[in-house]
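1. just coords:
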């Protein structure tokens, strides 16, 4: 897929454009957000996330070829030459990728030739070896006599084997890429005569007719040139019919000299004239090793010349081989490179890269397939993998497009229904939709614990449309997010719970490459990308032409107004920001569910202490301190209020309230003591018994402390009144007591690893129970109970309660007191911005019905002044003691 930066031919220009685009995006978003009145806490994260997304999309093509090259190179080190780098870039990286691909093509071809060479050489060596072994076995077994005929046969096979090995060695030296030529003045006629004599002595029959000038002296490497001539003459004599001559001619041109060898054999077809110069390029009738002509051509190329078959003269039969070499008749010793590589290959066509940038790579076949220094089999990690390492790997093949589309739908729903509405029905729908979009992609979605956490999270967001108390609603939303994240990451320990929460914002960075790949899929083939493109293009067309026709025709405009809500520019910008933020949060959660991080650290067995007293004595000391504290509590209880006042100078209510926070902290620290001591106990029966006894006693004493703390808070509330904060800390302390009981039970049964998850589930259940209890209504009811018992009621505090308390207050208080206690609701929970079907809330709906029945004389209006009718009412109910 083409990227917007592919048109640039310089990577420096690309980086500059990338920085410029990022700055423009940030500035534009900041300006739009500021002009629309979007708060900074909303506009800043959206600007950062959108900038990261734009940068990821634009920069994807800049670094991907480098990562691909690293991966392909490491695959080459393992002998796999099939990988290629795909890029459409025209910059330095793109040109490097094109040359890299050419090198890979050359290496792949060289490796194929190497494998073919090994197979062919094995076959060629096996044939003379088998024949020679057969002759020698026959001689050894006495099957044939050891006469000259049979010994000559064995010698002939050995000579054939020697010739094959010699040719292979010569060819390997030539293919090494650099060969030193010892050039000197060589008389061609004398050299040809010597070669003819050698070929004849080797057993080649036939006549050789030489037509070479006596004065033809050239500058060449005599030994190499002799090797060339012997090979071509042997080839011609082998193919020439019996009794037919082999014609050898030579001459000099303006800058070159030439030599031809002609025979009257079957000739070489035009389509085979290059193949016969390949290694082992023999035909069915030629025989030989198939290496002679390959060696001859390379000798010609080392001299800077050519060796090829040409068409014989018209009417002449057979084959005509022509050698043509340059004629620098000097005596220099030089190093000559072959004009062509051992394995020529045409460069791949790439219009983005100049042809001059592509060249062949003469790589020796012996090097192909060998390992390269580095970790064998290791694949270079992509950019984000190198940042997060093994703690958060990304497996290949993760689904992307459908996940992104689902998150986009959630973002659109949030921007349309959640913006400018109070917490209620629309908020619940958005949160449930976000959770569903993440859950359906979760790797552990069939895990029982993940399912349980998802159900708990779904229940914890329901108070958004059932309750109006902000504290309960906010706690529920945060607890729902935490439970869901813990579930989809399959966390098991408190450290894992913490890392699961931290992974959510980090997944917005970890998932950027995955998000970029998902968006690039839209530009490819396939049904799903086509559907997405169709929806996007159709939406743009509908918006553009709908706006044009609405501005052109009043009747059509009324239809549009009936279907589309009227939006100002500022409203639209705010909705876009909200939608983008919800989309980003949902996408981050979906990626975390799809590719959960490794939140559980490696378990390391704790080293137990060598002596029992090292852990037992501290535990017993803590037990003793708890015992002394409980003795003091018993003294205070049995001594009565007077004893407490005489001893401490505090009223009993102040006395019991003073230490509630410390007792709660002591309960939490008890859990730490139990965890630390249990890790240091040896796996010994006696030590285990002492552990159960000492820590069990500590847990029992802690339960008494929990009961004492709850009793203290109850006494204080009876004395000074009930509040939602005091009720909430009561629930928290009670939950800590439940955790202590769980420690005793699961610890005694040996299932301590279950404790963190059980604590999570019971904590979520406690919060759900608090929401079902309706804290504000419960507090209002108990304060009214206290009023009925003492005659004291803090109406000012009741005014601070949410709409949850309205039915209880209106039902149980006199009309004037109820009207004064609920007079603020129309300006807070029941304001006009909350009067929206999308913001439907059960408590606010009930409160609206209650407020409608109140005496309007006590309503809070702009004209309310010193003669406020609620002033005397509040004073009449005011308590005598200060809080």
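-> Cool, got the structure. Since this is a predicted model, take the numbers as computed values, not measurements.

2. Residue 220 should be in a helix, yeah?
-> No. Under the criterion used here (DSSP: H, G, I helix; E, B strand; the rest coil), residue 220 is strand, not part of a helix.

3. low pLDDT regions in the stretch 501-650 of the chain?
-> Along the stretch 501-650 of the chain, segments meeting pLDDT under 70 span 520-533, 536, 547, 561-569, 603-606, 636-650.

4. how about the strands in it?
-> Taking DSSP state E, counting those that start in this stretch as the criterion, the stretch 501-650 of the chain contains no strands.

5. Tell me where it has helices.
-> Per DSSP state H, counting those that start in this stretch, the stretch 501-650 of the chain has helices spanning 512-521, 527-552, 554-563, 569-594, 613-648. These are given in chain order.

6. Where is the longest helix in the protein?
-> Longest among the helix segments of the chain by residue count, using DSSP state H, is helix 92-141.

7. what helices or strands is that helix leaning on?
-> Under the contact criterion of 3 or more CB pairs under 8 Å, 6 or more residues apart in numbering; DSSP states H and E, the helices and strands touching helix 92-141 comprise helix 40-77, helix 148-175. For every residue, glycine as well, the C-beta is placed using N, CA and C.

8. which other helices and strands contact the longest one?
-> For helix 40-77, the packing partners by 3+ CB pairs under 8 Å, 6+ apart come out as helix 11-35, helix 92-141, helix 494-510, helix 512-521, helix 569-594.

9. Give me the residue at the spatial middle of this structure.
-> With distances taken as CA atoms, centre = their mean, the chain has residue 394 as the residue nearest its mean C-alpha position (3.8 Å).

10. Tell me the predicted confidence for that one.
-> According to the prediction, residue 394 has pLDDT 81.

11. Give me the phi and psi for the residue nearest to it when sequence neighbours are not counted.
-> Counting by CB to CB, 6 or more residues apart in numbering, the nearest residue to residue 394 once its immediate chain neighbours are dropped is residue 595, at 5.6 Å. Taking degrees, to the nearest 10, you get phi -130, psi 80 for the backbone angles of residue 595.

12. next one: residue 829
-> Main-chain dihedrals, residue 829, degrees, to the nearest 10: phi -70, psi -30.

13. My guess is it contacts residue 802. True?
-> Yes. Taking contacts as CB atoms under 8 Å, residue 829 lies within contact range of residue 802: 5.7 Å.

14. what is in contact with those two at once?
-> Taking CB atoms under 8 Å, 6 or more residues apart in numbering as the contact definition, residue 829 and residue 802 share the neighbouring residues 468, 843.

15. one step back: nearest to residue 664, of the helices and strands packed on helix 92-141?
-> Distances from residue 664 to each of the helices and strands packed on helix 92-141 were compared using CB to CB; the shortest belongs to helix 40-77, at 31.2 Å.

16. could you check the angle helix 494-510 makes with that closest one?
-> For helix 40-77 and helix 494-510, the angle between their directions (axes from the mean of the first three to the mean of the last three CA atoms, to 10 degrees) works out to 80 degrees.

17. Give me the distance between helix 40-77 and the centre of its chain.
-> Its chain's C-alpha centre and that of helix 40-77 lie 11 Å apart, by CA atoms, centre = their mean, to the nearest Å.

18. Equivalent analysis for stretch 136-154, please.
-> Once both centres are worked out by CA atoms, centre = their mean, stretch 136-154 turns out to sit 72 Å from its chain's centre.

19. Now the longest helix of the chain: average pLDDT?
-> Along helix 92-141, the predicted confidence averages to a pLDDT of 76.

20. next one: stretch 145-155
-> Confidence over stretch 145-155, taken as the mean pLDDT, stands at 77.

21. what do you get for stretch 694-703?
-> In this model, stretch 694-703 carries a mean pLDDT of 90.

22. quick revisit: now, of the helices of the stretch 501-650 of the chain, which is deepest in the fold?
-> Relative to the other members of those, helix 569-594 carries the highest mean neighbour count by mean count of other CB atoms under 10 Å, namely a mean of 22.

23. and of the helices and strands packed on helix 40-77, who's closest to residue 716?
-> Smallest distance to residue 716 across the helices and strands packed on helix 40-77 (CB to CB): 31.2 Å, for helix 494-510.

24. which outside residues touch the helix or strand residue 851 falls within?
-> Residue 851 is located in helix 842-852, with elements delineated by DSSP states H and E. Applying CB under 8 Å, 6+ apart, the external contacts of helix 842-852 come out as 422, 424, 465-468, 774, 802-804, 806-807, 810, 822, 825-826, 829-830, 834.

25. Now go through those residues and say which are in helices.
-> Using DSSP H, the members of those that fall in helices are 465-466, 806-807, 810.

26. Output these in JSON lines; the columns should cover distance to residue 856, neighbour count and pLDDT.
-> Output for those, formatted as JSON lines (distance: CB to CB, whole Å; neighbours: other CB atoms under 10 Å; pLDDT from 0 to 100):
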{"residue": "465", "distance to residue 856": "29", "neighbour count": "22", "pLDDT": "92"}
{"residue": "466", "distance to residue 856": "29", "neighbour count": "18", "pLDDT": "93"}
{"residue": "806", "distance to residue 856": "16", "neighbour count": "29", "pLDDT": "90"}
{"residue": "807", "distance to residue 856": "19", "neighbour count": "17", "pLDDT": "92"}
{"residue": "810", "distance to residue 856": "14", "neighbour count": "21", "pLDDT": "90"}
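
27. Output those as TSV; include the columns distance to residue 206.
-> Supplementary listing: those in TSV, determined by distance: CB to CB, whole Å:
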residue	distance to residue 206
465	106
466	109
806	122
807	123
810	127
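
28. hmm, back to that, out of the helices of the stretch 501-650 of the chain, flag the one nearest residue 792.
-> helix 613-648 (19.0 Å).
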